[in-house]
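Peer 1: Below is the sequence, then the predicted model.
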Amino acid sequence: MTTPFRVALSGDFRQADGSPTYPDFDLQPLIAAPGVEIAFLDSASPIRGEQLEDFDALILLAHRFGAESVPRSGRLSVVARFGVGYDTVDVEACTRAGIALVITPDGVRRPVAVSIITLMLALTGKLMVKDRLTRQAAAGFARRSDHMGVGLVGRTIGSLGIGNIGAELFRLLKPFDMRFIAHDPFADKALAAELGIELVGLEDVFRQADIVSVSCPLTPETRHLVNAERIGLMKPTAYLINTARGPIVDQKALTAALQAGRIAGAGLDVLEQEPPDPDDPILRLDTVILSPHALCWTDQCFAGNGAADVRAVLDVQHGREPRGVVNRAVLETPRWRERLADYAKAVRP
């Protein structure tokens, strides 16, 4: 009898009553796949290694996967993260154990880029204050001239990062007739030229941009990349947008700059602490638009992320290298190649 290919899903994919947390994540292709069994883990975070002893794959939502999450059996071959951020995963532990860590860039590329544009338009159009004015009826209408928006033609948008999401942002902004600049030490220069992006130094992004957008991953090198000194370089009319990870921005420094009116405003889908302390002063600032790390959450985003994870898991089951592997060194190891060969043999008729 052939051993089934067993796939675990982190417990946060399921509600306490057993219903799916996100119904747009279609599990049917996985359920219908020959030779595949699926099971939901309990709600422990970090995930415990003993929970995964008999599994080949894990689809991971928000729960942490640390060194203690690696099962001793050596059977687990792939962790498929739902989304592109992987700061909740111990990448080195995965690599040591020969486990491929997969993310879903195709699922978030357009939704997150759209989120950046949503914040940009809301900030420059003064949408939030105009909403409040309208609700004040005649008294609000009388003050509408005090809140003129900012036109975007000829303005400069600067991105920290032009990878998957950053590049998509510039593609979508083409009709806006803006100037494009970016800083990315790993930039594809040919892609930048194709998209009309001028690659500049890190500080130059802050000095020149009317809108600074953060589109880089959180790493030890990027933690507090946006600090007091760099915020101090920004124009007083400029806006900061962060849809990446909260700790990339020194939030205390940003709050101080906003309180002092040194920059015009900020759009934040992510915060340094999530959820924030109820007394966090940034929550009381009218010049900030906030979202609970969910602005890109749409039916299409979750369907796309889920489909990408399912595809990655089924690729491994069939002995194929999945897309979106973070720790690519794993793919060159004899252990990984032997596993893929064994999986391929198991599915051959």
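Peer 2: All right, it came through fine. Residues are numbered from 1 along each chain as shown.
Peer 1: which residues of the chain fall in strands?
Peer 2: 5-9, 36-40, 57-60, 78-81, 100-102, 156-160, 179-183, 197-199, 211-214, 239-242, 265-268, 288-290 (DSSP state E).
Peer 1: Same list as before, these that is, but in CSV and with mean pLDDT included.
Peer 2: Shown next, in CSV, are these (pLDDT from 0 to 100):
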stretch, mean pLDDT
strand 5-9, 97
strand 36-40, 96
strand 57-60, 97
strand 78-81, 97
strand 100-102, 97
strand 156-160, 98
strand 179-183, 98
strand 197-199, 98
strand 211-214, 98
strand 239-242, 98
strand 265-268, 98
strand 288-290, 98
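Peer 1: Break the protein into its domains for me.
Peer 2: 5-103+298-347, 108-286 (automatic domain parsing).
Peer 1: Got the confidence number for residue 205?
Peer 2: On pLDDT, residue 205 comes in at 98.
Peer 1: and what of residue 106?
Peer 2: On pLDDT, residue 106 comes in at 89.
Peer 1: And for it, the neighbour number?
Peer 2: By the criterion of other CB atoms under 10 Å, residue 106 has 16 neighbours. (Each C-beta comes from the backbone N, C-alpha and C, glycine too.)
Peer 1: ok, how many other residues are close to the residue nearest to it when sequence neighbours are not counted?
Peer 2: Leaving aside its chain neighbours, residue 106 sits nearest to residue 308 (5.4 Å; criterion: CB to CB, 6 or more residues apart in numbering). Neighbours of residue 308 under the rule other CB under 10 Å: 24.
Peer 1: Now do the contacts for residue 308.
Peer 2: Counting by CB atoms under 8 Å, 6 or more residues apart in numbering, residue 308 touches 80, 104, 105, 106, 107, 323, 324.
Peer 1: picking up where we left off before, mind putting the strands of the chain in CSV, mean neighbour count included?
Peer 2: As requested, the strands of the chain are exported to CSV (neighbours: other CB atoms under 10 Å):
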stretch, mean neighbour count
strand 5-9, 23
strand 36-40, 16
strand 57-60, 28
strand 78-81, 28
strand 100-102, 26
strand 156-160, 24
strand 179-183, 21
strand 197-199, 18
strand 211-214, 26
strand 239-242, 26
strand 265-268, 24
strand 288-290, 19
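Peer 1: and residue 15, which of the ones you listed is closest to it?
Peer 2: Closest approach to residue 15 among the strands of the chain (CB to CB): strand 36-40, 10.6 Å.
Peer 1: List the contacts of that closest one.
Peer 2: Contacts of strand 36-40 (CB under 8 Å, 6+ apart): 4-11, 13-14, 27, 30-31, 55, 314, 317.
Peer 1: again with stretch 88-96
Peer 2: 60, 62-67, 69-70, 79, 81, 100-101, 326-327, 329-330.
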